[in-house]
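sequence unknown, structure follows:
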C-alpha cells in the first residue's frame, strides 16, 4: 500500500469575503481494496457550518471524479426550493471525462433513494459505459449534513503551508478523485465556492496545478505494508492476520497464550481449536490438572481448585482408595472411563462421593466407577444413614458415564438425591448395579428433588422395603414440579424389593408425578403380598406418568394399575388390570373384591379398573372380558 505526500503545489488562491473562513486545502490519500489510488481534496476552514456550493474549473488526469456542491453526498444539494430529497441521503455523483473536463461529465449516477425535481432517481447514462464501482467510492463516510468536519477526521497531508491554513480546524470535502492502480503522479486543478452558513458570505478557493507524487512509505518490519496501514508494524505479517478482529495483528497480539502454541487464547477459542466450557476466555486445557500427574489424590486436586473458576480434574486410569467431597466448587472430575477409573471407598466408612454447597450442573462427575460406599448420617436427620455411593446434597450437578456398584446404605444404596433444586441433578448414561439399601432405594433414593435420568440402567439392585432400583418421595407441604423426577430411555432389570421392585413412588401428597418415558422394565420382582403390588408401584393413585414404556415379565405383576396418571399413553404393559389381588388369574376372588367395593373408589382403588373414580358396571365388564390366566 502506498501513501501519497505533497510534492508540489502550483497556486492556491482565495477570493471573496474572508468571513467564510477559508484557510487553504488539505488532502488525504489511500489505496482502495481493488488497487485504485484515491485522493480526496478538502477546503480548510475555521467554521463548522461552512459548506460547498459548487466546484468548477476541474482539470485532472483521473478517470473518475466525484464532486461536492450541487453534486454532493452527505450535504444538502443546492437544487432550489423544489428539491424534496432528504439532506442526509446519498444525493448525486458525476463520473467520467468529457473532453478532458469531468465537470458535468459524460456519465451521471444518482445515488438517491427517491427522485426529485433536481435529478432523477437511478442511473442516467449519457455515454456508453459506466466506470466500474462508480458510486462505491463515496468519501468520506463520516461527513455530516451542511457542516464541515474536524481536520482530525481527515488522515492526510496539509497542502497549504501558510499560517492561515495551518490555523484552520475544519474541512469541507470538495472532491474525490480515483486513479488507476499503480498511478504514481497526478495533476488536479479545481475551484470551489464555499458558503458560511452563519454569515451567508461566500468565498472562492482555487488550487491550480495541484500535483501529488508517490513516495515510499515507512515499513519498519519490511513486510510490504506501510506502518500507517500495518496492524502490526513491528513484526512481519504480510497477511495482516487478525484472528479475533480486534485491530491488532496476530504477530503483535500473541498474549495471553496460556497453552504456549503461539496463538492467543481468544483465537484458539474462536477457531474451535480449544474449548471454553465456562466461557471465561481461557482455553479449557489451561484450567486442567491431572491426577496423579499434578496431584497425588483426587481430593487434593479438589481442595486446590479455586472456588469461583472452573477446574477440570483429569483422573488417569487406576483405583483410588478415597472418599471425595465437592463443596460447591465448579470442578469437573473426568476419569479415563468407568471401566478403568475407580473411586473405591471400601473400608473407609461413609459415603464414597459427596457433592454439596450449591453446586450446579457445571459441577461434573464423568467416566468414573464409584464403589464400596457405606452411607453417612443425613445432613438434616443424623439418625438416618443415607447415600452409599453418592450424596447429592441440596445441589444440581451433572453425572455422566459413571457406574455405581456394590454400594450400600439404609436409604439410597447407590445414590441419595436430597433436595436438588431446579434444574435438578442430571444423570446421563450411568449404570447402577448390585447396590443395596436396607430400607428404601437400592440404587437411588430421591427426596424433595428435581432430578433427571437419561439413558441409565438399573440392574440387580435390592431393597427389602420399597424401591429395589428407585424410591422417590416428595414429602408433604411443599410445592413440587410436574414431573418431579424423570426417567428417560432407562432400563430396569433384575431388581428386587418388597414393593415397587423397579420404581416405587412413595409420596404423601397426590398430584406430583414421577415420569417414565420410553423405558424398559423387565424381570424385576416385588415380594410383598399387599394387593396390587408390582414392579412399578405408588403409595398414592395417579402419581406416575408412564409413556412409551414397556413393562413385562415382572412379578407378581408389572404395573400397579392405579399408580398411573390418566394421561399415561403408548405403553406396553403385560398385565390384566382386572387381576385385583395380583395372583396372576382373574377369577372369583377378584370379582368378590370388585363387588365388595362397588361405588366410589377408595377402599380398594385398583377395583376402579377404568380410572373413572367409581367402581361400576364398566369395571365389571372389563373384568369379565379378562377372565382367566393373565399373561406376563
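Good, I have the coordinates. Here the structure is a predicted model, which is why all the values come from computation and not from measurement.

the strands in the stretch 201-350 of the chain, which residues?
Listed in chain order, the strands of the stretch 201-350 of the chain (DSSP state E, counting those that start in this stretch) span residues 202-215, 288-291, 311-315, 318-320, 324-327, 331-335, 341-344.

may I have the strands that pair with the third one, each with its orientation?
Read it as strand 311-315. Take DSSP bridges as the rule and strand 311-315 pairs in its sheet with strand 288-291 (parallel), strand 331-335 (parallel).

pLDDT of the last one, averaged?
With pLDDT averaged residue by residue, strand 331-335 scores 96.

change the start of the numbering to 13 and stick with it
Right, with 13 as the first residue, what we last looked at is strand 343-347.

residue 594 against residue 549, yeah?
No: counting by CB atoms under 8 Å, residue 594 does not reach residue 549; the two are 10.6 Å apart. From N, CA and C alone the C-beta is placed, and that goes for glycine too.

the more surrounded of the two?
Using other CB atoms under 10 Å as the criterion, residue 594 and residue 549 rank with residue 549 on top: 28 against 22.

what about the more buried one, distance to residue 570?
Applying CB to CB, to the nearest Å, the value for residue 549 to residue 570 is 10 Å.

re the thing from before, most tightly surrounded among the strands paired with strand 323-327?
When those are scored by mean count of other CB atoms under 10 Å, the highest mean neighbour count falls to strand 343-347 (a mean of 25).

now what about it, what contacts it?
When contacts are defined by CB atoms under 8 Å, 6 or more residues apart in numbering, strand 343-347 is touched by residues 289, 310, 313-314, 317, 322-327, 329, 336, 338, 353, 374-381.

among those residues, the buried ones, what's the PyMOL command?
Per 16 or more other CB atoms under 10 Å, the buried members of these correspond to this PyMOL selection:
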select buried, resi 310+313+314+317+322+323+324+325+326+327+336+338+353+375+376+377+378+379+380+381
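
list the contacts of residue 368.
Contacts of residue 368 by CB under 8 Å, 6+ apart are 337, 338, 339, 340, 391, 403, 404, 405, 406, 407.

kindly confirm my reading that residue 450 forms part of a helix.
No: read with DSSP: H, G, I helix; E, B strand; the rest coil, residue 450 is strand and lies in no helix.

from residue 308, how far out is the residue lying closest to it once chain neighbours are set aside?
Nearest non-adjacent residue to residue 450, counting by CB to CB, 6 or more residues apart in numbering: residue 422, 4.7 Å away. Per CB to CB, residue 422 is found 33 Å from residue 308.

which of those two has more neighbours?
Neighbours per residue (other CB under 10 Å) separate residue 422 from residue 308, with residue 422 holding more: 22 against 11.

let's see the pLDDT reported for the more buried one.
For residue 422, the predicted pLDDT is 98.

and it, what helix or strand is that in?
Using DSSP states H and E, residue 422 maps to strand 420-423.

residues in contact with that strand?
Here strand 420-423 makes contact (CB under 8 Å, 6+ apart) with 363, 385-388, 390, 396-400, 428, 447-453, 457, 483.

swap the cut-off to 10 Å and go again
Strand 420-423 is contacted by residues 362-363, 384-388, 390, 396-401, 403, 426-428, 430, 446-454, 457, 459, 474-475, 477, 479, 483 when judged by CB atoms under 10 Å, 6 or more residues apart in numbering.

where does the stretch 463-612 of the chain have low pLDDT?
Along the stretch 463-612 of the chain, the parts satisfying pLDDT under 70 run over 487-493, 520-523, 543.

gap between the two ends of stretch 259-277?
With CA to CA, to the nearest Å applied, stretch 259-277 spans 16 Å between its terminal residues.

average model confidence for that stretch?
78.

buried residues, it. List them.
Quick answer for stretch 259-277 (16+ other CB under 10 Å): 261, 262, 263, 264, 265, 266, 269, 271, 275, 276, 277.

could you verify that residue 203 is part of a strand?
Yes: under three-state DSSP, residue 203 sits within a strand.

quick check: it touching residue 218?
Yes: if you go by CB atoms under 10 Å, residue 203 and residue 218 touch, sitting 4.1 Å apart.

and residue 558, backbone torsions?
Phi and psi for residue 558, reported as degrees, to the nearest 10, are phi -120, psi 120.

any buried residues in stretch 604-611, and which?
Neighbour-count burial for stretch 604-611 [16+ other CB under 10 Å]: 605, 606, 609.

can you give me the helices in this protein?
175-179, 277-283, 310-316, 600-608, 629-637 (DSSP state H).

could these go into CSV alongside distance to residue 622?
Formatted as CSV, the helices of the chain follow (distance: least, CB to CB, whole Å):
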stretch, distance to residue 622
helix 175-179, 98
helix 277-283, 59
helix 310-316, 55
helix 600-608, 12
helix 629-637, 5
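
not counting its neighbours along the chain, what's nearest residue 309?
Per CB to CB, 6+ apart, closest to residue 309 is residue 334, 5.7 Å.

got the contact list for the one you found?
Shown in contact with residue 334 (CB under 10 Å, 6+ apart): 309, 310, 311, 312, 355, 356, 357, 360, 364, 365.

I'd like the distance between residue 333 and residue 310.
Going from residue 333 to residue 310 by CB to CB gives 11 Å.

what do the two both touch?
With CB under 10 Å, 6+ apart as the test, residue 333 and residue 310 both reach residue 355.

point out where the stretch 163-312 of the chain drops to low pLDDT.
Counting by pLDDT under 70, the stretch 163-312 of the chain has low-confidence residues at 163-179, 185-200, 209, 219-231, 234-236, 266.

could you report the neighbour count for residue 560?
Neighbours around residue 560, by other CB under 10 Å: 15.

so what's it up against?
So residue 560 contacts 500, 501, 528, 529, 530, 531, 580, 581, 582, 583, 584 (CB under 10 Å, 6+ apart).

and the closest residue to the last one other than its chain neighbours, bridged to which residues?
With CB to CB, 6+ apart as the measure, residue 562 is the residue that lies nearest to residue 584, at 4.4 Å, once sequence neighbours are left out. In this structure, residue 562 bridges to residue 532, residue 584 when assessed by DSSP bridges.

number of residues surrounding residue 562?
By other CB under 10 Å, 17 other residues sit near residue 562.

that one contacts residue 547, correct?
No: Residue 562 sits out of contact with residue 547 when judged by CB under 10 Å, with a separation of 11.5 Å.

my read: residue 534 touches residue 565, true?
Yes: between residue 534 and residue 565 there is a contact at 5.0 Å, judged by CB under 10 Å.

buried only: go through the contacts of residue 368 for me.
Taking 16+ other CB under 10 Å as the criterion, what is buried in the contacts of residue 368 is 337, 338, 339, 403, 404, 405, 406, 407.

please tell me how far the nearest residue to the last one once chain neighbours are set aside sits from residue 322.
The one in question is residue 407. Nearest residue to residue 407, sequence neighbours excluded (CB to CB, 6+ apart): residue 371, at 4.2 Å. Remark: distance between residue 371 and residue 322 (CB to CB) = 12 Å.

surely residue 561 touches residue 547?
No: using CB under 10 Å, residue 561 is not in contact with residue 547, being 11.2 Å away.

comparing these two, which residue is more hemmed in?
Shown here are residue 561 and residue 547; by other CB under 10 Å, residue 547 has more neighbours (33 against 24).

who are the contact partners of that one?
For residue 547, counting by CB under 10 Å, 6+ apart, the contacting residues are 480-481, 504, 507-509, 511-516, 533-538, 563-572, 587.
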